[in-house]
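**Student:** Pasting a predicted model and its sequence here:
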2 protein chains.
Amino acid sequence: MSQTVDRALSILPLLAEGPADLGQVADRLDVHKSTALRLLRTLHEHGLVYRQSDQRYRLGARLIALAQEAMENLDIREIAHPHLVRLNEQCGHTVHLAVYEESEVLYIDKVESRYPVRMYSRIGKPVAITVAAVAKLLLADLPEGERRALADKLDYPMYTSRSTPNAPAFLRELDKVREQGWATDLGGHEESINCVAAPIRGADGRVVAAMSVSAPNVVVTADELLTLLPLVRRTADAISGEYSGRTPVKDSQ
Amino acid sequence: MSQTVDRALSILPLLAEGPADLGQVADRLDVHKSTALRLLRTLHEHGLVYRQSDQRYRLGARLIALAQEAMENLDIREIAHPHLVRLNEQCGHTVHLAVYEESEVLYIDKVESRYPVRMYSRIGKPVAITVAAVAKLLLADLPEGERRALADKLDYPMYTSRSTPNAPAFLRELDKVREQGWATDLGGHEESINCVAAPIRGADGRVVAAMSVSAPNVVVTADELLTLLPLVRRTADAISGEYSGRTPVKDSQ
DNA sequence: CTGGTGTGTTGCAGTACTTGCAACGTCCAT
DNA sequence: ATGGACGTTGCAAGTACTGCAACACACCAG
């Protein structure tokens, strides 16, 4: 809507790929160097980009601080955290919390496994949306139209032989998930890792977040992991209850 | 430098304080509502702000993902992490890694204590710059002029009776720290928590990061913590060596 | 030392883009 | 019903953004 701002903001994902110099930025934006310079300067003043010693630009530290505050403003996260910790203490495995926003699913909290074998994942990282158990729950709850549109738009990378292969299969999976009220990912993302997940709902019944327990085959089999399902669902329900309990007034800071 | 972009970016820290509606944003920016609307829309298109169900705006998830990538582009972090983990395994206490950027010091990595008592701190959160041991090391290495200017500009909150009270005291402390090559924070931020820190240097000898070990009084006394100093310095030196060793090529993942 | 190429930077004139206004739509409370 | 609060849209006015061209500076080769 605003050309100048649009251009300026386009610099951020560009720099996320790695540091770049003025010329590179100008080229990728398809503007004159002087224009790119002025945009970068403005971003710099706000701390969103940083000029490193070799004169190249990279993303700035203020961005990290902002993201931190962004997460702290998510009510669900605060409410859910103690529950996630307790669940981790009970079963020992890695616990994740994820939300859907604007065609993306991302982890907003994580409690590490207490087993020596840990899985790779990171808060803030977009989730493998076509296979992750939490993603299935979040997408299954979208309104029909939006769900179909998104499913069409997605790529379906075959991380493993058990990954969701295409849109129709994905939509079928989502229907199943919506009906049963929980989801799994059995080696669909990484061959040896299984997850079981449950939805967290707001007062109106809509799914506002999803949580999962993940463990590698070498620690527990898929069947054993599934025995944790009741516990996971109870935890999710407890969070749902607390979340929809009071209207989170949350005025200003 | 660019008014439009400047205004748009000013919205982000504003929303970091908490969700706000169109009118509030327009007021704080001191522009017409329609202008604020168009800026917000542009931010929205880039995923930096999100419109929640009650129509109010808050910071968006893309911001979190961007910050994630920003951190992954920090070479020091990748290099240092395994060393931090090893140090944590050896001593059991909380280990932090921090950098200085544009008048701010912030944690970019953390390994949690293995003792039950954990301290509060968060990756991405700005550090208490006048008292934290890592901050002293990072600021001590700034060029004279910049250091004085910054010291003057800072506030000196008295978190405890042992907090750094004012600029002259701070500058004296920095001189001492620079000379001895390590730093401590003995109850200057929280009464019962002590830290010991060491600098990480680049090939040119400049301090590029600092790391610290922190522990509460109830676990170890300050004196006991100080006995870890050689270990901390060895770890920092090892990271320095690896960091300045090869030029990290770093072409995407 | 000199001339070349590669950067990043600045002043300026033209105009594309942003701005604030005013009018409209909607929702909610009175 | 009626008023107010809020978000949204089209438009004319003019500001502030753009690209150009010239400059500054560093680096390298001859």
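**Tutor:** Nice, I can see it. Residues are numbered from 1 along each chain as shown, chains lettered A, B, ... in the order given.
**Student:** Might you report the residue contacts of the closest residue to A:Val207 other than its chain neighbours?
**Tutor:** Of all residues not flanking A:Val207 in the chain, A:Asp141 sits nearest, at 3.8 Å (Cβ to Cβ, 6 or more residues apart in numbering or on different chains). Glycine gets a C-beta too; all of them are placed from N, C-alpha and C. With contact taken as Cβ atoms under 8 Å, 6 or more residues apart in numbering or on different chains, A:Asp141 is in contact with A:Arg178, A:Pro199, A:Arg206, A:Val207.
**Student:** which of the residues you listed has the most neighbours?
**Tutor:** Comparing these on neighbour count, A:Pro199 comes out first with 26 neighbours (neighbours: other Cβ atoms under 10 Å in any protein chain shown).
**Student:** Confirm that it sits in a strand.
**Tutor:** Yes - according to DSSP: H, G, I helix; E, B strand; the rest coil, A:Pro199 belongs to a strand.
**Student:** Tell me the residues of the stretch 101-250 of chain A that contact chain B?
**Tutor:** The stretch 101-250 of chain A comes close to chain B at residues A:Glu101, A:Glu102, A:Glu104, A:Leu106, A:Ile108, A:Arg122, A:Ile123, A:Gly124, A:Lys125, A:Pro126, A:Lys250, as judged by Cβ under 8 Å from any Cβ of the partner chain.
**Student:** ok, now with 10 Å
**Tutor:** A:101-108, A:112, A:122-126, A:202, A:204, A:206, A:208, A:250 (Cβ under 10 Å from any Cβ of the partner chain).
**Student:** Check the contacts of A:Asp141 for the minimum pLDDT and say which it is.
**Tutor:** pLDDT is lowest at A:Arg206 among the contacts of A:Asp141; the value there is 88.
**Student:** are any of the residues of the stretch 101-250 of chain A next to chain B buried, and which?
**Tutor:** A:Glu101, A:Glu104, A:Val105, A:Leu106, A:Tyr107, A:Ile108, A:Ile123, A:Gly124, A:Lys125, A:Pro126, A:Val208 (16 or more other Cβ atoms under 10 Å in any protein chain shown).
**Student:** Give the full set of residues in contact with the residue nearest the centre of chain A.
**Tutor:** Nearest to the mean C-alpha position of chain A, by Cα atoms, centre = their mean, lies A:Leu106 at 0.4 Å. By Cβ atoms under 10 Å, 6 or more residues apart in numbering or on different chains, A:Leu106 lies in contact with A:98-100, A:122-127, A:129, A:134-135, B:61-62, B:64-65, B:68.
**Student:** Please spell out the PyMOL selection for the buried subset of those residues.
**Tutor:** Command for PyMOL that selects the buried part of the contacts of A:Leu106, burial taken from 16+ other Cβ under 10 Å:
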select buried, (chain A and resi 98+99+100+123+124+125+126+127+129+134+135) or (chain B and resi 61+62+64+65+68)
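**Student:** Now do the same contact list for the residue nearest to A:Pro157 when sequence neighbours are not counted.
**Tutor:** Of all residues not flanking A:Pro157 in the chain, A:Ser163 sits nearest, at 6.8 Å (Cβ to Cβ, 6+ apart). Residues in contact with A:Ser163, defined by Cβ under 10 Å, 6+ apart, are A:Ala128, A:Thr130, A:Val131, A:Tyr156, A:Pro157, A:Ala169, A:Asp185, A:Gly187, A:Gly188, A:His189.
**Student:** Among those, name the ones in helices.
**Tutor:** A:Ala169 (DSSP state H).
**Student:** Quick check: ChimeraX command selecting the buried ones in the contacts of A:Ser163.
**Tutor:** Per 16+ other Cβ under 10 Å, the buried members of those correspond to this ChimeraX selection:
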select /A:128,130,131,156,185,187,188,189
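**Student:** Okay, and A:Ser212 sits in which element?
**Tutor:** Element membership for A:Ser212 (DSSP states H and E) is strand A:207-216.
**Student:** mind listing what that strand pairs with, with the direction of each?
**Tutor:** In the sheet, strand A:207-216 lines up against strand A:94-101 (antiparallel), strand A:193-201 (antiparallel) (DSSP bridges).
**Student:** Off-centre distance for it?
**Tutor:** Strand A:207-216 has its C-alpha centroid displaced from the chain centroid by 11 Å (Cα atoms, centre = their mean, to the nearest Å).
**Student:** residues in contact with A:Leu14?
**Tutor:** By Cβ under 10 Å, 6+ apart, A:Leu14 lies in contact with A:Ala20, A:Gln24, A:Val25, A:Arg28, A:Leu29, A:Tyr57, A:Leu59.
**Student:** right, and the pair among those residues with maximum separation?
**Tutor:** By the measure Cβ to Cβ, the contacts of A:Leu14 have their two most distant members at A:Leu29 and A:Leu59, which lie 16.0 Å apart.
**Student:** higher neighbour count, the two?
**Tutor:** Taking other Cβ under 10 Å, A:Leu29 and A:Leu59 do not tie; A:Leu59 has more neighbours (27 against 17).
**Student:** Relative to A:Leu15, how far out is the residue nearest to that one when sequence neighbours are not counted?
**Tutor:** Of all residues not flanking A:Leu59 in the chain, B:Ala70 sits nearest, at 3.6 Å (Cβ to Cβ, 6+ apart). As judged by Cβ to Cβ, to the nearest Å, B:Ala70 and A:Leu15 stand 8 Å apart.
**Student:** intersection of neighbour lists for these two?
**Tutor:** Counting by Cβ under 10 Å, 6+ apart, the residues touching both B:Ala70 and A:Leu15 are A:Leu48, A:Val49, A:Tyr50, A:Arg58, A:Leu59, A:Gly60, A:Leu63.
**Student:** Mark which of these are buried, thanks.
**Tutor:** With neighbours counted by 16+ other Cβ under 10 Å, the shared contacts of B:Ala70 and A:Leu15 contain buried members at A:Leu48, A:Val49, A:Tyr50, A:Arg58, A:Leu59, A:Gly60, A:Leu63.
**Student:** Relative to B:Thr4, which of those is nearest.
**Tutor:** Nearest to B:Thr4 among those, with distances taken as Cβ to Cβ, is A:Leu48, at 15.1 Å.
**Student:** hang on, the residue nearest to A:Pro157 in a strand?
**Tutor:** No - if the criterion is three-state DSSP, then A:Ser163 is coil and not within a strand.
**Student:** Please identify the helix or strand for the closest residue to DNA strand C within the stretch 51-200 of chain A.
**Tutor:** Per Cβ to the nearest atom of the strand, the residue of the stretch 51-200 of chain A with the smallest distance to DNA strand C is A:Gln55, at 5.0 Å. Here A:Gln55, judged by DSSP H and E, is contained in no helix and no strand.
**Student:** residue contacts, it?
**Tutor:** A:Pro19, A:Asp21, A:Leu22.
**Student:** so how far is DNA strand D from it?
**Tutor:** Going from A:Gln55 to DNA strand D by Cβ to the nearest atom of the strand, to the nearest Å gives 10 Å.
**Student:** among the contacts of A:Ser163, which are in strands?
**Tutor:** Mapping the contacts of A:Ser163 onto strands (DSSP state E) picks out A:Asp185.
**Student:** For A:Arg178, give its distance to A:Leu138.
**Tutor:** 11 Å.
**Student:** Now list whatever residues contact both of those two.
**Tutor:** A:Pro199, A:Val207.
**Student:** higher neighbour count, B:Ala70 and A:Leu15?
**Tutor:** Comparing B:Ala70 with A:Leu15 by neighbour count (other Cβ under 10 Å), the higher total belongs to A:Leu15, at 28 against 25.
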